[in-house]
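Asker: Fold the following, please.
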Amino acid sequence: MATIAANLQAVHARIARAAAEVKRAPESVQLLAVSKTCAAALISDAWHSGQRAFGENSVQEAVAKMRELGDLDIEWHFIGPVQSNKTRLVAEHFAWMHSVDREKIAQRLNDARPAHLPPLNVLIQVNVSGETSKSGIAPGAERTLAAAIRALPRLQLRGLMAIPEPTNDIALQRKRFALLRSLQTELQAEDAAVDTLSMGMSDDLEAAIAEGATIVRVGTAIFGTRKTVKKEG
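Answerer: Numbers count the residues shown, from 1 in each chain. Got it, this is the predicted structure:
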């Protein structure tokens, strides 16, 4: 637990420094702890160290953790691609969905969102680096999908998400994040609720914050290096 607490403190310090560099308040950036593949005990350690929001990319894995950690007040975010037949579980168990990239998925999430829960906060995933291996719509297609989501009463469109290609080129990092920010600004001009930019991870959160990130998704810097497993739903 001491290691998790120290790692969280170090990440918050990075966020604060990055925000100060561009004259932003540190509290304008939310830390989402990416807990995919982590044991529930590690999530509990992070929660007891003050972390409240956690991101998962496997529905079954996440639901099992939710049951084990049911006594903790956790805000759960789904951050990966989801199969159509898993949308009900996402709609029933999560507060946020970061990776909507098809109207079909949005419709299924809306239809499955329980009436006793508030609308599901959703982000549109944009493929800002054009990689064929990445999910997400092409830049420029977000307006059509945004309009479709706004028509769904059980969803609340909150903004955009991206996972650019990994690179040590700071200028390229900022270019990708700046593109997402410009798209979000256009949407926000039509809808003030579109206030969220989910971008930046352990290796590039500084560039993301410089370009306006409001949520940074950090896993490795908190929980350490984990075995890479591709998840879908």
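Asker: Contact partners for Thr144?
Answerer: Shown in contact with Thr144 (C-beta atoms under 8 Å, 6 or more residues apart in numbering): no residues. Backbone N, C-alpha and C define where each C-beta goes, glycine included.
Asker: so how far is Gly130 from it?
Answerer: To Gly130, Thr144 is 18 Å away according to C-beta to C-beta, to the nearest Å.
Asker: Check Asp191 too.
Answerer: Applying C-beta to C-beta, the value for Asp191 to Gly130 is 26 Å.
Asker: Asn57 now?
Answerer: 21 Å.
Asker: Would you map the helices across the chain?
Answerer: Assigned by DSSP state H, the helices in the chain fall at 2-21, 40-48, 59-68, 87-93, 103-112, 142-150, 170-190, 205-210, 220-223.
Asker: out of these, nearest to Pro81?
Answerer: Closest approach to Pro81 among the helices of the chain (C-beta to C-beta): helix 103-112, 9.0 Å.
Asker: Let me know the average pLDDT across stretch 12-26.
Answerer: Averaged over stretch 12-26, pLDDT sits at 98.
Asker: Where does the prediction get shaky in the protein?
Answerer: 1, 227-233 (pLDDT under 70).
Asker: Go again with 80.
Answerer: In the predicted model of the chain, residues 1-2, 226-233 satisfy pLDDT under 80.
Asker: Quick check: Arg176 vs Glu165, distance?
Answerer: For Arg176, the distance to Glu165 equals 8 Å [C-beta to C-beta].
Asker: Give me the common contacts of the two.
Answerer: With C-beta under 8 Å, 6+ apart as the test, Arg176 and Glu165 both reach Ser129.
Asker: More neighbours: which of the two?
Answerer: Taking neighbours as other C-beta atoms under 10 Å, Arg176 and Glu165 compare with Arg176 leading, 24 against 15.
Asker: With adjacent residues omitted, what lies nearest to that one?
Answerer: Pro164 (3.8 Å; C-beta to C-beta, 6 or more residues apart in numbering).
Asker: Repeat that for Ala208.
Answerer: What sits nearest to Ala208 in space, not counting adjacent residues and going by C-beta to C-beta, 6+ apart, is Gly200, at 2.5 Å.
Asker: so how many other residues sit close to Gly224?
Answerer: Neighbours of Gly224 (other C-beta under 10 Å): 12.
Asker: Return the residues in contact with it.
Answerer: Counting by C-beta under 8 Å, 6+ apart, Gly224 makes contact with Asn7.
Asker: again, 10 Å this time
Answerer: Applying C-beta atoms under 10 Å, 6 or more residues apart in numbering, we find Gly224 in contact with 3-4, 7, 38, 42.
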